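> Quick one, structure for this:
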Amino acid sequence: MMDLPTLAASAGLPAAAEIGQMKDMAATPDSTERIVNLSPAMAAFRKPATPALYTFWMLPAVLIMAALPALYVALVALAGYAVYYHGAHNFHPIMIWGGIRLNWRLQILKLAVYFGPLFGGAIMVLFMVKPIFARPPKPQPYTLNPDVETELYAFISGICRTVGAPIPRRIDLNCELNASASFRRGFLSFLGHDMVLTLGLPLLGSLSVEEFAGVLAHEFGHFTQGMAMRLHYIIARVNNWFARVVFERDSWDKMLAEWSFEVQGVTMSLIVACANFGVWFSRVILRLFMMAGLAVSGSLSRQMEFNADAYQINLVGSETAERLIRRLTLVSHALIQSRKEMTQMWRVQHTLPQNLSQYLALKLQSMPDATKARIDDTLGLAKTRWFASHPCDADRIRQARRLGQPALIACAEPASRLFANFEIPARAVTLFYYHELRIPITARELTAFRDEAKARREQSEADSAALDRYFCGALPLLHPVTVPPRKISAADVASLREQAGQFRARIEPVRAQIQTAAGDFTAAEARAIQMAAAKAILESGGQIDAAQHGLAEPSAAAAQQAETEALEAQRQAAHALRVVTDALRSHFTTTLALSQAPSEAEWLPEGESDRMAARPLASFLNQFAPAWPLLMECRREHAALAALSQLSSNLAAQAGLGASSQRLEDLLARLRDATVAISNPFQKEKRPGCIFDQLTADQSGATTAGMEAKARSAVEGFMALYEHALAQLAEIAERVESEC
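Model prediction:
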């Protein structure tokens, strides 16, 4: 297996990446804490008291836990003695049984009866002995360089001083959704303060600075528990050993499984059966010992976790501690889904994400709100199991609320901001993580996944800016824009160029009035949609805040009147803009026609590329125009359905919800039929299904929530396509204008 520097080089990381640097953190001077100042927290933090009861009971628990491996060793010795006794004392009785003159088949059977248990028992004992010498895998750590990560080291040092914990000598990174502070050299560091802090990339890429501080306070809280922590370290080592030997499989287990399928003959089958029995028997005994160990230590371990949580709560506050628990639950769900997708990705596409934390963050952002709500709602249903080493999330949330502590640290910046350049260690650790999983991947097979939500947001902002700049915020609001074909002769190019060049000068003096009228139209449209939703709620027996909705009284009649007034205001704003929009439409069509004129190549630097780009965009707008009214109806009905879905489940609400859902389903079906023949101008390769199916592929309309999500995807998707196509044409028209 390659080491970290080699892997980092293969991934194209900078040579200055802090790979394998092991320096003492305690000797590192503090840097300026640019993201958060910990000084007030240090002064105000109050160390939670360590309960004396479980400290008193920790020593008996350690003695019991230490006795369990000793008891297993005794069982192994007993099994070994049984095999020895069989080999030393049973040969003669077996061979003389029935006499020595029996036929050769019975003689062979007696040999098998003797040698089968002898060899099989020896193998059984061997597999029982194997767990005693099992050692945990020791992956090469990615250790951060304190000379590079000065701010991160200073932040962690500050948290240690705040909670009164020793400063770790080293900080390692891995790809687990976890953080841990442990003795750096195991029992060799048992009596000192030589410890290492291990941080998981999924944590660092998903948490804020204040949440990350809470995680650190919890981990370092353990190291303030003195002798109780050290005794618990012994208990944890024993429990981890039991869990590892029970559940992990190594090359010996794989060899025995293959041998079981390939073996032939009665004698060899008997030997293999004895070996399999030995493996099964040893794991049954180990599992029983593991459960006994958890029963002995579980309650004590949970009390230590509660005490460490108190450090977290006293530092970051009860609200942040509860938010952290909920956040980690979502991240855990996203991580499970991400690993499933990555398995499929490697199997089908032979590629993997180059940055696991970034990929996880993208999955978390794209997680549907309904899924987040469902996961969050299940937290209160969790119960702490009798054998659990950690309390359930519900119990931890209850403790946070009971303590009711204010926050001493408040910083919503991403925790990754504490790094000098988080991308460098994230990519290196991700690649090494794949190699630890025995995935033979190279840097060429890694894929950089971009933030699609951020890209869509940036694209939407750029499109809105282009439309506002060209149309003064007016034309796209009133009705769908079409670009009717218009041919311009070479003789008319000069005069039309002159007109196009003068148009902007004529419209600029009235841009402010146009934008005001456009703003009035937008506000009236939003008001009409709001009142339609309010009316649907009131008609279904729900209640609204009249003052919040700008109504004199919370009645369906008042909402209907307000909707009528909003529609009238929208009509008046549209009438005021009519002359301007007609002029803008004519100018837009003429300018685009100039880009297609025969002589355009002589005076347009990008004439040929603009000519080719404009045609599919104009075709899309022309084909989409008939579906515009349906899209607006879907938008209004979706707002009504979203409002109704918030009501309690009374009969009237259910009836209104069902009727709205049915109307929306019919509208969506009509919208699909109206757009089924339209091609997406931004797709380079043809994809299966029509645009509607592609936009709603991840949504199902089987339930009300599914129908709402499907409508939202369709409305937002078509609006984004329409605005992007129009913005691209507006930019082409701007380039034409600039040459006129």
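
> how near is the residue lying closest to residue 287 once chain neighbours are set aside to residue 634?
Distance criterion C-beta to C-beta, 6 or more residues apart in numbering; nearest residue to residue 287, sequence neighbours excluded, is residue 246 at 5.2 Å. In short, each C-beta sits where N, CA and C put it, glycine included. Distance, residue 246 to residue 634, by C-beta to C-beta, to the nearest Å: 56 Å.

> So which of the two has more stuff around it?
The neighbour comparison of residue 246 against residue 634 (other C-beta atoms under 10 Å) goes to residue 634, with 22 against 18.

> For burial, what's the neighbour tally of residue 486?
Neighbours around residue 486, by other C-beta under 10 Å: 12.

> the strands in this structure, which residues?
With DSSP state E as the criterion, the chain has strands at 142-143, 170-174, 179-183, 195-200, 352-353, 446-447.

> okay, the longest one in PDB with CA atoms only?
Coordinates of the C-alpha atoms in strand 195-200 are reproduced here as PDB (Å, rounded to 0.1, in the frame of the first residue of the first chain):
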ATOM      1  CA  MET A 195      -2.700  12.200  23.700                       C
ATOM      2  CA  VAL A 196      -3.800  12.500  20.100                       C
ATOM      3  CA  LEU A 197      -6.900  14.100  18.700                       C
ATOM      4  CA  THR A 198      -8.500  12.400  15.600                       C
ATOM      5  CA  LEU A 199     -11.000  14.400  13.600                       C
ATOM      6  CA  GLY A 200     -13.300  13.000  10.900                       C
END
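
> Spell out which strands sit alongside that strand in the sheet and which way each one runs.
Strand 195-200 has its sheet partners listed here by DSSP bridges as strand 170-174 (parallel), strand 179-183 (antiparallel).

> Next, the buried residues of it.
195, 196, 197, 198, 199, 200 (16 or more other C-beta atoms under 10 Å).

> Let's test this: mean pLDDT of it, rounded?
Mean pLDDT, computed over strand 195-200, is 87.

> Can you give the distance of that strand from its chain's centre?
Remark: strand 195-200 is offset 22 Å from the chain centroid, using C-alpha atoms, centre = their mean, to the nearest Å.

> residues in contact with it?
The contact list for strand 195-200, computed with C-beta atoms under 8 Å, 6 or more residues apart in numbering, reads 141, 156, 166, 168-184, 189, 216, 219, 223.

> Report the buried members of those residues.
Among those, those scoring as buried are 141, 156, 166, 168-175, 177, 179, 181-184, 216, 219, 223 (criterion: 16+ other C-beta under 10 Å).

> Let me have the strands paired with strand 195-200 in JSON lines, extended by distance to residue 514.
Listed next are those as JSON lines, based on distance: least, C-beta to C-beta, whole Å:
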{"stretch": "strand 170-174", "distance to residue 514": "55"}
{"stretch": "strand 179-183", "distance to residue 514": "56"}
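
> Residue 91: which of the ones you listed is closest?
strand 179-183 (51.2 Å; C-beta to C-beta).

> just to revisit the earlier point, which stretch among the strands of the chain approaches residue 315 most closely?
strand 179-183 (14.6 Å).
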